[in-house]
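Asks: Quick one: sequence plus predicted model below, questions after.
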Amino acid sequence: MAKDTLTSKYFNNKVIFNSPKEYTIGDFVLDYQVAAGLTGAMDGSVIDLALVHSDSGSSQRALKARLSVRHEFLAQEAVFEVEQNEGSYSCLQVEYVVLKPQHTAQGLGIRMFAHQAYMAKTVGIHQIFLRAVADASYNGAYTWPRYGFQALMDVPDQAKFATLFPGVKDLAELMSTEQGRAWWKSKAFTLSMCFDLNEPICTDTLEAYMAEKGVQIV
């Protein structure tokens with residue numbers, strides 16, 4: 001299948017990539033194509049790579065790759081980090097990404113994340129983490145679960161969720177019905193979330209949402 005029209009218009013790896021030195025993720029060099037994929041960058045983006053020390057507590061601190069993206073459709077610079085440990089595990093952290101209000105209803109967000117998930121799987125990144133914010137300005141706490149992200153709740157989060165949605169096991173169960181999604185949209189609160197590339201509940205949800213919205217990225 002061919003790319004859908006919106007993907008063909010905005011997602012072709014036509015980016016400027018500024019890298020101070022080579023950084024590898026497993027067997028893959030983090031070049032402009034990998035950087036564009038991992039950040040979901042649209043054509044015309046400027047991506048800056050910075051290498052920073054990990055806070056993982058390892059005796060030999062690894063370097064994280066921090067990718068900063070600038071584009072006219074973004075509210076401000078988007079920031080992502082790739083972190084690897086001594087073994088084969090690596091993860092992507094979404095620090096900040098927000099589209100300007102006039103670009104939020106076009107279907108760009110799902111296409112950006114679909115590219116991130118596709119590239120993460122390609123280079124062997126297992127998980128994508130973020131903090132999904134719910135307030136008057138951001139709807140991430142609703143949108144990210146629609147893409148397949150699963151909530152990471154601590155004890156206070158679990159208590160709050162149980163009070164708001166008695167009898168519901170978790171956010172995935174709540175989001176599985178139209179009524180549940182409506183409830184969460186009206187009562188959502190800020191949560192940490194994870195998209196696990198090895199978990200069908202994440203990947204199947206993403207694929208179903210992409211099919212629903214007519215998204216085809218390759």
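Replies: Received, thanks.

Asks: The helix or strand of the chain with the lowest mean pLDDT pairs with which strands, and in what direction?
Replies: Least confident helix or strand of the chain, by mean pLDDT, DSSP states H and E, is strand 24-25 with a mean of 88. Strands that pair with strand 24-25, judged by DSSP bridges, come out as strand 28-29 (antiparallel).

Asks: mean confidence score for the partner strand?
Replies: Mean per-residue pLDDT for strand 28-29: 92.

Asks: Output the helix or strand that it is followed by as CSV, nothing but the C-alphas.
Replies: Next helix or strand after strand 28-29 toward the C-terminus (DSSP states H and E): helix 32-39. The C-alpha coordinates for helix 32-39 follow below in CSV (Å, rounded to 0.1, in the frame of the first residue of the first chain):
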residue,chain,number,x,y,z
TYR,A,32,18.8,12.0,9.6
GLN,A,33,16.4,9.2,8.6
VAL,A,34,16.5,7.5,12.0
ALA,A,35,16.2,10.9,13.8
ALA,A,36,13.3,11.9,11.6
GLY,A,37,11.5,8.7,12.4
LEU,A,38,12.1,8.6,16.1
THR,A,39,10.8,12.2,16.5
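
Asks: Helix 32-39: what's the following helix or strand?
Replies: Per DSSP H and E, the first helix or strand lying C-terminal to helix 32-39 is strand 46-53.

Asks: just how off-centre is the lengthiest helix in the chain within its chain?
Replies: Determined from DSSP state H, the single longest helix within the chain is helix 108-123. On the basis of Cα atoms, centre = their mean, to the nearest Å, helix 108-123 sits 7 Å off its chain's mean C-alpha point.
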